[in-house]
Each structure stands twice: as C-alpha cells, then as structure tokens.
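In: Need a 3D model of the following:
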Amino acid sequence: MSTPRQAHATRWRHALSAYERRLAHVPPPPVAGRLTRMVGLTLEAEGCQAAIGDRCEIVSSPESHVEAEVVGFAGERLYLMPTGDLHGMRPDARVVPRTQAGTVRIGPRLLGRVVDGACRPLDGQGPIEAETSVRLAGRPINPLLRRPITQALDVGVRAINGMLTIGRGQRVGLFAGSGVGKSVLLGMMARYTAADVIVVGLIGERGREVKEFIERILGRAGLARSVVVATPADYPPLMRLHGAWLATAVAEYFRDRGRNVLLIMDSLTRFAQAQREIALAIGEAPATKGYPPSVFARLPQLVERAGNGVAGEGSITAFYTVLAEGDDQNDPIVDAARAILDGHVVLARRIAEAGRYPAIDIEASVSRVMHDVVSAADLALARRLRQATAVYEHNRDLITIGAYQRGSDPRIDEAIARWPQIEAFLRQDMHERVTLAASVAQLAATMAEGPADAARAKTTPEPRAAQESRAAQEPRGARDLKAARDARPPHETGAARK
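Out: Numbers count the residues shown, from 1 in each chain. You can find the predicted model right below:
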C-alpha cells in the first residue's frame, strides 16, 4: 500500500510528463539577427535563421518597423526584400523572424472591397472580417482530379462569344500593346460575364488607372460582386508578386466553396517584371532579354492554380493581360504565356486605329477549348467567318486601290460581299451586352445564304459536264457556226484586222 508521499510524487511525475509533451510542440523562440548590408532593395542579415518565404520584421527604432521576406541566402547571410518603404532604415537594425509567414486571412466579407497585396483595405471602409487563413502560394491540385472543361461561359462580348467561345475553367491570355482598349474590354467582361464572383488583380499599373477602373469601367454593380486587389507600380516588387498571389488565393477560396469565379489579372507582364527585379537584385544571371530563368518558372506556378476544381467544387475562369512591348508578339513573356495558357485574344493596334472596338484580331486569336463547348454547326460558322476575314485582310491593299477585278477569285468576291456584315458583327459598344445565344444567332445571320453566295455562284467556273450538257442543247446550226468561228485563223478575225 502506497504512502501519501508516494502518491504525491506520482501525481507530480504525471503532471511533469504532460507538460513535457506540451513543450515538445512549442516552437523555439525566434533568434533576432542584425542588418549588415543594403544595396538597392536587397537587404542582407546575419545571426538569424529563416526559410525561403518567411517574413521578418526589421526594427530600426521604436517608431520604425519594416516587414521583409526571405528571398535567398548564401552561407550565414539571408537576402530579404522589403514589402514597404525603407525610409529611416539604419545599419545593425534588429531582424526578427515572424511566425505564420506566407499566409493571409480572407473570408466572404471581401466581396465589394479593395485591398492591397497584404489584404489591407484601401477603400477606407474599415477592417475586413476574415474567417480563415490561406497560403499565398496556394496548393497544387492533382491534374487527374480536375474536372474537364465542357461548359461554355458567356462573357457578354459578341466577337469572343461567337468566334472565340470561352469554356468555364479556361485560362486565356489577352495580348495587347498600350492604348488599344485592353482595360475597356476587361471592364466589359467584368460587368457582363455570367460568374458568381469576380476577382480583379491590378498588378503594377498606374495608380490613376486603379480608381478609374473601379469607378468608370467596373462600376458600382460590378464591384458589388467583386474583390479588387491593387498593387500599383510604385509598390515594391515583392508586393506586386503578393498582389498576384493574393488575387489567385481569393479566387481559390471561392472556388473551393462551389462558386464559379472570373479572375481578371492585369497584368501578367508586370508580375514577370517584378520577379525579374527580385531575381537580378539577389544575383541571378539574366537569360532571355534580361529575364532570369526563375521568371519562366514563376509563370506556370501562378497560372496553373486557376481552372476547374475537383468534383463538387466550382471553377476559376482566368483572363491574364500580357503587354506586348512594341506590339511584338514574339516577346519572351508573350511567347511563354502563349505556351502555358488555353487560348489567347490578340488586340491589334491597326484595328484600333481604324476605329473598330474591341480591336480583336480574329486571325491571330484562338480558343483551344472551343471545339469542346460548342456544336459542330457553330464551329463551322466561326470557321467560315474566320476564313472570309483572312481572305479580305490578305487582299486588302488590292481591294483598296481598285487593282482587284471582281470575278478573278470567288473567295475574294465572297469576302468583299460579306465584309460590311462581318465588321458590324465584330464591332460592339462598351455599354452593349450581347449574350452567348444572341452572339451565335448573329453569327449565323452574318454567314447566312444571301447575296454573297449569289455573287460567288456567278464567279465560280462552270463544271465541264455542265458546259457539255448546255452545248448539247443548242441548235445544230448554232453549234456549227460557233465551231467554225473558233477554228478561223487569227488574221481573219475582226480583232486581227483592227
């Protein structure tokens, strides 16, 4: 039989064992380091331990606190990139690693709000009530578990609905130079697309354009069902990366809850340029046109997070604008985006200068899932209009100067006859919404049998069998007279005598 002293000792042993088990899961206290070097936007710290992607707080004085993220290391040195202003930073400032780095708190109350890359409100409507924490970098989905794209998405733009039909869950690039109506087209799709939630990422754009896009292009009705993430061009490059990641993370949050999301990111080029600034600052060697290899690794990591979810989840249909510098469609970022996206819409400057908006170049644009979401008849109509447009554009100079003679080529004759209807189909006012069904009906009306087919029939060479049949029906005397006239020598004809 145990004594009271033994029982007391046993209780203490059990209590100490429980405390030991709890302490085993407590992370060690962060070890603060010091700031040793600053060159440009790159900070170097020693004496602290942190992993890639971890956040650190740099304390220069009781009033000066700057947040930075670990972007590289070399030996005992850490390379950090700030997320805010570095004004007032001093040598030997304390560098304190933070816990729960790389996460952000979001929730359904984000709808109708405008935030920055750290999910801080920019609209002055108070703090955001969040319900969960998500990783900025996201989590990859098993490609075999993704649902296939089988349903068309109505974006409200006639040329896209009819000629470049978008599938729900598709990822599309919008390739354009500056000043060709890119923002207006994005606003049209944001207002008219049949989606439950719209997430807009304004990455690296001018600060003036952020307010204009929200108030004039998106509008109050569009903002009510949208989340806008804005990181203008004057933000540090790391915050521009975070803005793109946050917009995608918000879209993933709503997709995982069964919502159909439209993600609009303007622009993918600014995201790539931000990664280039970071990579070059920490010493990565440039490759193609000054872009380091890490840039081309970041692009698919971002884009692949969009698309359909697994069974029971929603979808993310994404539009990424890609700035074609100097209207060069072979720019490295344009070329890389073309390879990893499910289609692209090209906006041409020559079309915009001609006054046709949206300035979509039908010949250079493609939707790689269109054949999966439309009927064979609608696909044939779109192909016919595309062929007629290509024929007219390739012969535009001859037609314009009057060098082409009608009847020389039946395909050109048909393109000329249909061109006014084709241009009317491709043109659309920014305040006009055209549904998917109406777009298909107008496409069918544009390519319907009519005067163009009659003109083509007149200029089409008559088959040889038909010629022989018609000749057999002529009177015998007329046939003999025609044969004799054709057999006369050239010097006996009226033309030769003249």
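In: Could you check stretch 215-222 and say which residues are buried?
Out: Neighbour counts over stretch 215-222 (16 or more other Cβ atoms under 10 Å) mark 217-218, 222 as buried. C-beta coordinates here come from the backbone N, C-alpha and C atoms, glycine included.
In: Of those, just say which sits nearest to L185.
Out: Nearest to L185, judged by Cβ to Cβ, of these is I217 at 9.6 Å.
In: Which pLDDT value belongs to the closest residue in space to the closest one that isn't next to it in sequence?
Out: Counting by Cβ to Cβ, 6 or more residues apart in numbering, I217 lies nearest to G187, which is 3.1 Å off, once chain neighbours are set aside. For G187, the model assigns a pLDDT of 87.
In: contacting residues for G187?
Out: Counting by Cβ atoms under 8 Å, 6 or more residues apart in numbering, G187 touches 213, 216-219, 222, 430.
In: so can I have JSON lines of the residues you listed showing distance to A279?
Out: Below are those laid out as JSON lines (distance: Cβ to Cβ, whole Å):
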{"residue": "F213", "distance to A279": "29"}
{"residue": "R216", "distance to A279": "36"}
{"residue": "I217", "distance to A279": "33"}
{"residue": "L218", "distance to A279": "33"}
{"residue": "G219", "distance to A279": "38"}
{"residue": "G222", "distance to A279": "35"}
{"residue": "M430", "distance to A279": "38"}
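In: and those, which of them are in helices?
Out: Here DSSP state H is the test, and the contacts of G187 give 219, 222 as lying in helices.
In: ok so, going back, switch the buried residues of stretch 215-222 over to TSV; also include distance to A152 and pLDDT.
Out: As requested, those are arranged in TSV below (distance: Cβ to Cβ, whole Å; pLDDT from 0 to 100):
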residue	distance to A152	pLDDT
I217	24	79
L218	24	80
G222	21	81
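In: quick check: longest strand of this structure.
Out: Using DSSP state E, we find that the single longest strand of the chain is strand 64-74.
In: Parallel or antiparallel, list what pairs with that one.
Out: strand 55-61 (antiparallel), strand 77-82 (antiparallel) (DSSP bridges).
In: Name all residues that make contact with the residue positioned nearest the centre of the chain.
Out: When the chain is reduced to its mean C-alpha position, the nearest residue by Cα atoms, centre = their mean turns out to be Y320, at 1.4 Å. The contact partners of Y320, by Cβ under 8 Å, 6+ apart, come to 171-174, 265, 267-268, 303, 337, 341.
In: cool, Q125 as well?
Out: R113.
In: again, but for Q170
Out: 149, 153, 307, 317-318, 342-343, 367, 369.
In: out of these, which one sits closest to D327?
Out: G343 (19.8 Å).
In: Is it correct that that closest one is in contact with T165?
Out: No - G343 lies out of contact with T165 (Cβ atoms under 8 Å); the separation is 9.7 Å.
In: who has more neighbours, the two?
Out: Neighbour count, other Cβ atoms under 10 Å: between G343 and T165, T165 has more, with 26 against 19.
In: Pull the number of nearby residues for G126.
Out: 8.
In: for it, helix, strand, or coil?
Out: With DSSP: H, G, I helix; E, B strand; the rest coil as the basis, G126 sits in coil.
In: re earlier: just the contacts of G187 now: which is nearest A417?
Out: Once Cβ to Cβ is applied, the member of those that ends up nearest A417 is M430, at 29.2 Å.
In: give the contact list for the closest residue in space to H242 that isn't next to it in sequence.
Out: Take H242 and drop its neighbours on the chain: the residue closest to it by Cβ to Cβ, 6+ apart is G117, 3.7 Å away. By Cβ under 8 Å, 6+ apart, the contact list for G117 reads 83, 229, 231, 235, 239-243, 245-246.
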